[in-house]
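# Got a sequence here, can you build the structure:
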Amino acid sequence: MSSCKEEVCAEESETLLKVVGSASSPQCSEEGLCFSDGRRKVDYVLVFHHRRHGSVRSFASNSVSHDRISIVSNGNFPSAAGSDAAAGRGGSSPGREAASVGEVFVELGGAGGNDLTEPADHEMDLIRQEFEASLQEAGLEIERDKELKTQGHSFTRVHAPWPVLCREAEFLRIKVPTKTSYDLKEESGFGSTMSTVWRKMNQPFQPKVPHQDHECTKFLTHCFSRDKLHLYNITSKDTFFDNATRGRIVYEILRRTVCVRTCQTIGISTLIAKGVYDAAFPLHDGDYKVIGQPEERSDRQVLHDEWAKYSAFYKYQPIDLVRKYFGEKIGLYFAWLGVYTQLLIPASIVGIIVFGYGVATVDTNIPSLEMCDERLNFTMCPLCDGACDFWHLSTACGTARASHLFDNPATVFFAIFMSLWAVLFLEHWKRRQISLSFSWDLTGIEDDEEHPRPRYETILLQKKQRKENKVKKKNKKKKNEPEKQEDGAVTGKDRWRQKLLSAMAAGIPAAIEKLTWKDRLPGYFINISSIIFMFALTFSAVFGVIIYRITVSALMAMSPDPETKSNVRVTVTATAVIINLVVILILDEIYGAVALWLTELEIPKTETHFEEHLILKAFLLKFMNAYAPIFYVAFFKGRFAGRPGNYVYVFNDYRMEECAPGGCLIELCIQLSIIMLGKQLIQNNIFEIGIPKLKKLVRAIKDKGSAEKKMEDERPPQQWNLDYALAPFEGLTPEYMEMIIQFGFVSLFVASFPLAPLFALLNNVIEIRLDAKKFVTELRRPVAVRAKDIGIWYNILSGMGKFSVIINAFVISFTSDFIPRLVYQYMFSETGTMHGFIDHTLSYFNVSNFKHGTAPQNIEQADITVCRYKDYREPPWSPDAYTISKQYWCVLAARLAFVILFQNLVMFLSLVVAWGIPDVPKTIVEQFKREKKLLVDVFLREEKEKFQLIQSLFSKDATHQLSTNPLSPGQVLPLLGRYSTLPPGPTQGSGDGGGPRARCRAASFSQFTRSIPPSPKNENENSRHTAV
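Numbering: from 1, shown residues only. The predicted structure is shown next:
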């Protein structure tokens, strides 16, 4: 029976191929990318774990029976299949009716098998049988593995013939090129000369991509329609739709195909989540290694040679080819990454100039010279209680000189520049995005209808089942109390309720159900509490590092070794930053998994909602994790330490830490640089390169033993075997998140580290090629997804750009010494210079006012009466000793005024930049208008030709009638004028119905909730849909 059924299916496939694709199905040249006949392309692959084949033994009785599923056919299955199946089941046995016409029984095993399968495997087989039969009902062609496996993975290949491609392309409104083209407008005069020179200069940086001659001419595009095939530039039906488009079309059919008789689910994603299939993916275009002539390279080989190699780091990205191979969504990501990396070049150059200015002026900086001058002899108060001694400010000379490299007047200019750079970057990306949307024919596209996620469907089904159980309980109660109502009323209500329950049991709900906020309330509560807990965990980690710094500083200060005492600050700062980095990397991975878990608890309906909620949670948690230590150093460290004689203590034993003598900006610079560089190097080299290679090595070691045993019996692996061994594509969220966090390092605290854009540029040059290699060689080919923009990421970038203005304003005014220097120079300096600035910022403290046990041990031996500390307070001989001085209030007022001035100035300049750069380039506007006019002309010409053809046909028909049947007296010949229309009657291609062909609508989720009538026997091939 099994072999007979395979022969019937093979004959059916051959017949279908002859009818549909015989005219345009040449021999397939790509080995391993086609069906066994060598002509039909493999557009999609379904993979499932095959454990054991054979007949299914009934567990309810000792007799052996064959299980089958009944599939309502629309006339595509031969009637012999149904009759044979019925005969195989013993159609003449009592109590069993023969299979009716249009109903097919699919057997699940051979007649003589004695193997047993698990009940779960049997159920999976039933679901797969129904799902694949529904795919065939939709017009797809399927090929399964010929060899029978007792274990391992089996592959089901799917091919979409030309009529199915045309039907789905019309449903999806896919834009295709027409035969009409036009020349792009070229510049003239000086602009043309400059463009030519620029093209010649850029020639060495252009990738060698074949057929890249679209710069001078452009074909008009229009949404595909089966009524206008003559307008499209169709040279071959096999290549008109590229492989990415074919895979997307098949995926659309897979995601809306229904299984209502076995598991009541919709789409391939749900089946993968249930374990029915292990994976589903389109195939790569062969191997990425070039074997033949370079002119015969596939798109994958071109991308590997011109894009995914580190040696091509200096070349532009072939964005159009990336979009063609991977789809618009991935193409937009790499286009955005390219724009971001290009604009980092001017930011890096300006940052290097600012850093060079600090290096050039460090020897002439008066505050640094005063700190390094030993003759001034500033005796500073001890850094810790008891164990620490008095020290001289000149010993911090190195810290002061290093601080000037990043804390100089040029830093203010750089902060303003980077704030405007962020606005320029966003405006430039908007223009680039619109240009890509126009060249990729994304203008005017509608968002695709999204299918509910598997978890949403599961929860919704559980909700329906609970309602069904409640209804059944009410029915039982009312049946037990029939005397309360009339018999007729009870019977009618029960009959209506029974119909409702049977409809729900059949997977066709009586009304559209959805989850409400009450169903999601537990998930929301867990989300809020978990996020609060994660914030507390992040703050606890930062506080733990603070305690570490305080305790280690105190312990090292009590060391008898003078060298250890002199290196306390450097050692503590470096080790604390490294600990922060390790904690950040660990929590980063934890927060990513937690964000995914929390988003699942919210039960979003569609993948778009799921992705947006996941991005917001992951960004919030990772942003707090990465920047919490930096925010502490920038705005909190040293602000609450107190003063000598009245310090603030932690746990009543340890003093709160203070900033370095050169200020907190140098510590902020060290913190930012180590975390940024460490995060980039470790994540890129270990997480993105090392871990995938380690997983691949472990997988190769596991497969080595079994591969050696089967090497003699098996043929070389096909492309679907090679692609299944690759890692699955899990979305672009990790790639975007890494770049967004880096954008924060570049923009938020750039005033403290002008070299951040340079290190980001070097990282991104490697990151582009690393991601490209991963997509081309290490990941399965993702489904080509249409996208008009980068989505919620643009809003996050815009928010961070505005937030960076405020952060940089506070860093300059409160963290650096820029404002105190200006206040001193223009308000308190007697000479109008910076001489005496260090003495002005240091307050006095009488050593006799130390609390008991906090003074240095050798205070009696040392001839010191006062010590200095950095603060604006009254001296001990003042009537208001140790209170805030008027200089403090002057500096604070100036700082707040600078924040307001800086913020408003940058915001105004940002608005000017955004206003001065139009979102849509002028050339795009002109081309769009020109294309619209040309399309109107094309369709008007077509209508005119149709009218002329109809007019000529009617004229010939009238002449023929006059020659055969002369007009009788009083009979008038119908006139064909401008407003003539087609006469009623049968039209070409109308079939037996005699009317015009009915236009089919795309199947949607709303259709699956309604009752569908049985499919007709003879349905037009081009308009078949998934049977529900």
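# shaky segments in the stretch 801-950 of the chain?
In the predicted model, the stretch 801-950 of the chain carries pLDDT under 70 at residues 858-862.
# which residue ranges form the strands in it?
Using DSSP state E, counting those that start in this stretch, the strands assigned to the stretch 801-950 of the chain run over residues 842-846, 866-870.
# will you turn the ones you listed into TSV that also has mean neighbour count?
The way it works is simple: take the backbone N, C-alpha and C, and place the C-beta from them, glycine included. As requested, the strands of the stretch 801-950 of the chain are exported to TSV (neighbours: other Cβ atoms under 10 Å):
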stretch	mean neighbour count
strand 842-846	20
strand 866-870	18
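# can I get those strands in CSV with distance to residue 165?
What follows is the strands of the stretch 801-950 of the chain, written out as CSV (distance: least, Cβ to Cβ, whole Å):
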stretch, distance to residue 165
strand 842-846, 80
strand 866-870, 75
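# can you map out the helices along the stretch 701-850 of the chain?
Listed in chain order, the helices of the stretch 701-850 of the chain (DSSP state H, counting those that start in this stretch) span 719-724, 733-747, 756-773, 792-810, 818-823, 837-841.
# so what does the fifth one touch, helix or strand wise?
Read that as helix 818-823. Helix 818-823 is packed against helix 409-439, helix 837-841, helix 886-916, with contacts defined by 3 or more Cβ pairs under 8 Å, 6 or more residues apart in numbering; DSSP states H and E.
# about what we covered before: go through the helices of the stretch 701-850 of the chain and name the closest to residue 626.
Nearest to residue 626 among the helices of the stretch 701-850 of the chain is helix 733-747; the distance by Cβ to Cβ comes to 5.5 Å.
# so the closest one versus helix 756-773, what angle?
Interaxial angle, helix 733-747 versus helix 756-773 (axes from the mean of the first three to the mean of the last three Cα atoms, to 10 degrees): 170 degrees.
# So for helix 733-747, what gets flagged as buried?
733, 735-747 (16 or more other Cβ atoms under 10 Å).
# And stretch 808-823, by the same measure?
For stretch 808-823, by 16+ other Cβ under 10 Å, it's 808-821, 823.
# sorry, back to before: ok, which of the strands of the stretch 801-950 of the chain comes nearest residue 883?
strand 842-846 (10.6 Å).
# Tell me who's in contact with residue 669.
406, 752, 753 (Cβ atoms under 8 Å, 6 or more residues apart in numbering).
# who wins for neighbours among those residues?
For these, neighbours were counted using other Cβ atoms under 10 Å, and residue 752 has the most, 29 neighbours in all.
# residue contacts, that residue?
With Cβ under 8 Å, 6+ apart, residue 752 has these contacts: 406, 411, 634, 665, 668, 669, 672, 811, 815, 816.
# Quick one, grab the pLDDT at it.
On pLDDT, residue 752 comes in at 85.
# all helices for the stretch 101-250 of the chain, in order.
Going by DSSP H, counting those that start in this stretch, the stretch 101-250 of the chain shows helices at 119-137, 162-172, 190-202, 243-256.
# will you turn these into a markdown table that also has mean neighbour count and distance to residue 357?
Shown next, in a markdown table, are the helices of the stretch 101-250 of the chain (neighbours: other Cβ atoms under 10 Å; distance: least, Cβ to Cβ, whole Å):
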| stretch | mean neighbour count | distance to residue 357 |
| --- | --- | --- |
| helix 119-137 | 19 | 67 |
| helix 162-172 | 21 | 57 |
| helix 190-202 | 10 | 30 |
| helix 243-256 | 23 | 50 |
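# mean pLDDT lowest for which of those?
helix 190-202 has the lowest average pLDDT among the helices of the stretch 101-250 of the chain, namely a mean of 76.
# Could you tell me how far that one lies from the centre of the chain?
Distance of helix 190-202 from its chain centroid, counting by Cα atoms, centre = their mean, to the nearest Å, is 37 Å.
# Using PDB, write out every CA atom in it.
Taking Å, rounded to 0.1, in the frame of the first residue of the first chain, the C-alpha atoms of helix 190-202 are listed here in PDB:
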ATOM      1  CA  PHE A 190      30.300  71.900 -13.000                       C
ATOM      2  CA  GLY A 191      28.200  69.500 -11.000                       C
ATOM      3  CA  SER A 192      28.600  66.800 -13.700                       C
ATOM      4  CA  THR A 193      32.400  67.300 -13.700                       C
ATOM      5  CA  MET A 194      32.500  67.000  -9.900                       C
ATOM      6  CA  SER A 195      30.300  63.800 -10.000                       C
ATOM      7  CA  THR A 196      32.600  62.200 -12.500                       C
ATOM      8  CA  VAL A 197      35.700  63.100 -10.500                       C
ATOM      9  CA  TRP A 198      34.100  61.700  -7.300                       C
ATOM     10  CA  ARG A 199      33.100  58.500  -9.100                       C
ATOM     11  CA  LYS A 200      36.700  57.900 -10.300                       C
ATOM     12  CA  MET A 201      38.000  58.600  -6.800                       C
ATOM     13  CA  ASN A 202      35.500  56.100  -5.300                       C
END
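# one step back: so which of the helices of the stretch 701-850 of the chain comes closest to residue 520?
Short answer: helix 792-810, nearest of the helices of the stretch 701-850 of the chain by Cβ to Cβ, at 20.2 Å.
# Point out the other helices and strands that that closest one packs with.
Helix 792-810 packs on helix 409-439, helix 607-635, helix 733-747, helix 886-916, going by 3+ Cβ pairs under 8 Å, 6+ apart.
# Which member of the contacts of residue 669 is positioned nearest residue 177?
For those, the nearest to residue 177 is residue 753 (49.2 Å; Cβ to Cβ).
# residue contacts, the closest one?
Applying Cβ under 8 Å, 6+ apart to residue 753 gives the contacts 406, 668, 669, 672, 673, 676.
# Give me the three-state assignment for the last one.
For residue 676, the reduced secondary structure class is helix; criterion used: DSSP: H, G, I helix; E, B strand; the rest coil.
# Can you give me the pLDDT of it?
89.
# quick revisit: will you turn the helices and strands packed on helix 818-823 into JSON lines that also has mean neighbour count and distance to residue 275?
What follows is these, written out as JSON lines (neighbours: other Cβ under 10 Å; distance: least, Cβ to Cβ, whole Å):
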{"stretch": "helix 409-439", "mean neighbour count": "20", "distance to residue 275": "39"}
{"stretch": "helix 837-841", "mean neighbour count": "18", "distance to residue 275": "69"}
{"stretch": "helix 886-916", "mean neighbour count": "15", "distance to residue 275": "51"}
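# quick revisit: of the helices of the stretch 701-850 of the chain, which is nearest residue 400?
helix 837-841 (9.0 Å).
# for the stretch 151-300 of the chain, what are the low-confidence residue spans?
Ranges of the stretch 151-300 of the chain meeting pLDDT under 70: 151, 185-191, 211-215, 261-264, 292-295.
# My read is that residue 419 contacts residue 808, right?
Yes. Using Cβ atoms under 8 Å, residue 419 is in contact with residue 808, at 6.4 Å.
# about what we covered before: let me know the closest of the buried residues of helix 733-747 to residue 423.
Closest to residue 423, out of all of these and judged by Cβ to Cβ, is residue 747, at 10.4 Å.
# Enumerate every residue touching that closest one.
By Cβ under 8 Å, 6+ apart, the neighbours of residue 747 are 418, 419, 421, 422, 800, 801, 804.
# residues in contact with the closest residue in space to the second one that isn't next to it in sequence?
Which is residue 419. Among residues not flanking residue 419 along the chain, residue 906 sits closest, at 4.5 Å (Cβ to Cβ, 6 or more residues apart in numbering). Residue 906 makes contact with 416, 419, 420, 805, 809, according to Cβ under 8 Å, 6+ apart.
# Return the residues in contact with the first one.
When you say that, I think you mean residue 416. Contacts of residue 416 (Cβ under 8 Å, 6+ apart): 902, 905, 906, 909.
# do the second one as well
By Cβ under 8 Å, 6+ apart, the contact set of residue 419 is 747, 801, 804, 805, 808, 906, 910.
# so which of these would you say is closest to residue 282?
residue 801 (37.2 Å).
# now the closest one: how far from residue 740?
In this view, residue 801 and residue 740 are 11 Å apart by Cβ to Cβ, to the nearest Å.
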